[in-house]
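Colleague: With the input below, show me the fold.
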Amino acid sequence: MRFIASWIACAVATMVAVALVPGIEAVGGTYAGPIMCALALALVNATLKPITRALSLPLTVITFGLFLIVVNALMLEVASWLSRNIFHAGISIDSFGAALVGSIVISIVMAIMNAFLGVDD
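Modeller: Here you go, the predicted structure:
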């Protein structure tokens with residue numbers, strides 16, 4: 001149940017990012033695209049994100065943690081690519097700047113959604 005609530009929160013956050021960020025568009029349907037991208041993002045966050053965090057630890061320490069925003073943007077780019085090529089539905093990101101702003105929007109909306117849903121309890 002916890003995974004499904006987190007997946008729903010991520011899907012809603014991705015829909016908000018599609019609506020707010022100019023360089024991000026849904027591919028494969030207004031709802032299906034963000035839902036499939038949220039699934040890919042959950043898989044990427046579970047597998048690749050710990051490795052990239054460990055590899056980027058020196059830069060993260062030097063930048064006082066701000067480099068983690070870049071890591072989140074890279075994970076969003078990877079999830080976008082995976083969702084479009086595996087599920088044939090996802091989100092299309094025009095530039096790295098759009099991915100950076102999109103990852104910030106997704107992080108903020110997911111934090112709010114998780115607080116309301118009580119996922120992090």
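
Colleague: C-alpha only now, for contacts and for neighbours.
Modeller: Noted.

Colleague: From Cys37, how far out is the residue nearest the centre of the chain?
Modeller: Centre of the chain computed as the mean C-alpha position; nearest residue by CA atoms, centre = their mean is Leu76, 4.5 Å away. Taking CA to CA, to the nearest Å as the measure, Leu76 falls 9 Å from Cys37.

Colleague: And for Ala46?
Modeller: Ala46 is 14 Å from Cys37, by CA to CA.

Colleague: Same drill for those two, tell me which one is more crowded.
Modeller: For the pair Ala46 and Cys37, the greater number of neighbours falls to Cys37 (31 against 11), based on other CA atoms under 10 Å.

Colleague: Surely that one touches Ala89?
Modeller: Yes. Contact criterion CA atoms under 8 Å: Cys37 and Ala89 qualify, at 7.5 Å.

Colleague: Need the residues touching each of the two.
Modeller: Jointly contacting Cys37 and Ala89 under the rule CA atoms under 8 Å, 6 or more residues apart in numbering are Ser83.

Colleague: Just read off the phi/psi values of Cys31.
Modeller: Check again: residue 31 is Tyr, not Cys. Dihedral pair for Tyr31: phi -100, psi -40, per degrees, to the nearest 10.

Colleague: let me fix that: Ile91
Modeller: According to degrees, to the nearest 10, Ile91 has phi -120, psi 150.

Colleague: who does it bridge with?
Modeller: Beta-bridge partners for Ile91, by DSSP bridges, are Ala26.

Colleague: can you pull the contacts of it?
Modeller: 18, 24-27, 33-34, 37, 80, 83-84.

Colleague: got it, and Ala79?
Modeller: Here Ala79 is in contact with 37-38, 40-41, 44 (CA under 8 Å, 6+ apart).

Colleague: give me that answer again for 6 Å
Modeller: 40-41 (CA atoms under 6 Å, 6 or more residues apart in numbering).

Colleague: Local confidence estimate at it?
Modeller: You'll see Ala79 listed with a pLDDT of 95.
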